[in-house]
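Engineer: Sequence first, then the predicted structure, then my questions.
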Amino acid sequence: LEVILCYPGLHAVWIHRLCHRLWTTTPALRPLARLLSQWSRGLTGIEIHPGAVIGRRFFIDHGMGVVIGETAVVGDDVMLYHGVTLGGRSLVRGTKRHPTIGDGVTIGAGARVLGDIEVGDGAQIGANSVVVKPIPAGAVATGIPANVRFPDLPGEDPYEALFREPALFI
């Protein structure tokens, strides 16, 4: 009951699913989808454009300030923390301007992932990092601009690797 009533990240995802359905059903419903998404933004502090494609089991933890752009594609089992931006680097309409996030990706608080780039499956992006180039699957990206490295221990559990990389949490 607490989760259903008190998690704005969950509320934002539920409302996005409705808005996305309206957005993709017919062009005549797009203004309604935008209106509902703006209402959701005011309610939750999370802005997800109705055109964004969001996968299954997507979770936004402490969502305030999250922004997901129109042409963003987010895979399954992705976790975003507060203040994350999946934004564009171009103003050219009709083109893919936002990132594609693979399955099982974790993006830390305040991170910015900008432009039509791909973040591979299982990648981790550290808090406050700025990513403007593709990130390979399984990589860890931290810093401004983001530096990419791979876990030091072959076969290491990605969750356990998080605790060895403080920049992922800062």
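Structural biologist: Perfect, thanks for sending it.

Engineer: in what helix or strand does Leu5 lie?
Structural biologist: helix 2-6 (DSSP states H and E).

Engineer: any idea how far that helix is from the chain center?
Structural biologist: The chain centroid and the centroid of helix 2-6 are separated by 21 Å under C-alpha atoms, centre = their mean, to the nearest Å.

Engineer: Check which helices and strands that helix sits against.
Structural biologist: Helices and strands in packing contact with helix 2-6 are not found; criterion 3 or more C-beta pairs under 8 Å, 6 or more residues apart in numbering; DSSP states H and E. From N, CA and C alone the C-beta is placed, and that goes for glycine too.

Engineer: Tell me the helix or strand right after that helix.
Structural biologist: Following helix 2-6 toward the C-terminus (DSSP H and E): helix 8-25.

Engineer: and that next one, which residues are buried?
Structural biologist: Neighbour counts over helix 8-25 (16 or more other C-beta atoms under 10 Å) mark 8-13, 15-16, 19-20, 22-23 as buried.

Engineer: what are the ranges of the helices in this structure?
Structural biologist: Counting by DSSP state H, the chain has helices at residues 2-6, 8-25, 30-44, 158-162.

Engineer: Out of these, the one nearest Phe150 is which?
Structural biologist: Closest of the helices of the chain to Phe150 is helix 158-162, at 9.7 Å (criterion: C-beta to C-beta).

Engineer: What mean pLDDT does that closest one get?
Structural biologist: Mean per-residue pLDDT for helix 158-162: 65.

Engineer: do stretch 106-116 as well
Structural biologist: Stretch 106-116 comes out at a mean pLDDT of 96.

Engineer: any idea how far that stretch is from the chain center?
Structural biologist: 7 Å.

Engineer: Not counting that stretch itself, show me its contacts.
Structural biologist: 62, 71, 78-90, 95-101, 119, 123-132, 162, 168-169 (C-beta atoms under 8 Å, 6 or more residues apart in numbering).

Engineer: residue contacts, Ile4?
Structural biologist: Ile4 makes contact with Leu10 under the criterion C-beta under 8 Å, 6+ apart.

Engineer: How confident is the prediction for it, by pLDDT?
Structural biologist: At Ile4, the predicted lDDT confidence score is 82.

Engineer: That one and Trp14, how far apart?
Structural biologist: From Ile4 across to Trp14, the span is 10 Å (C-beta to C-beta, to the nearest Å).
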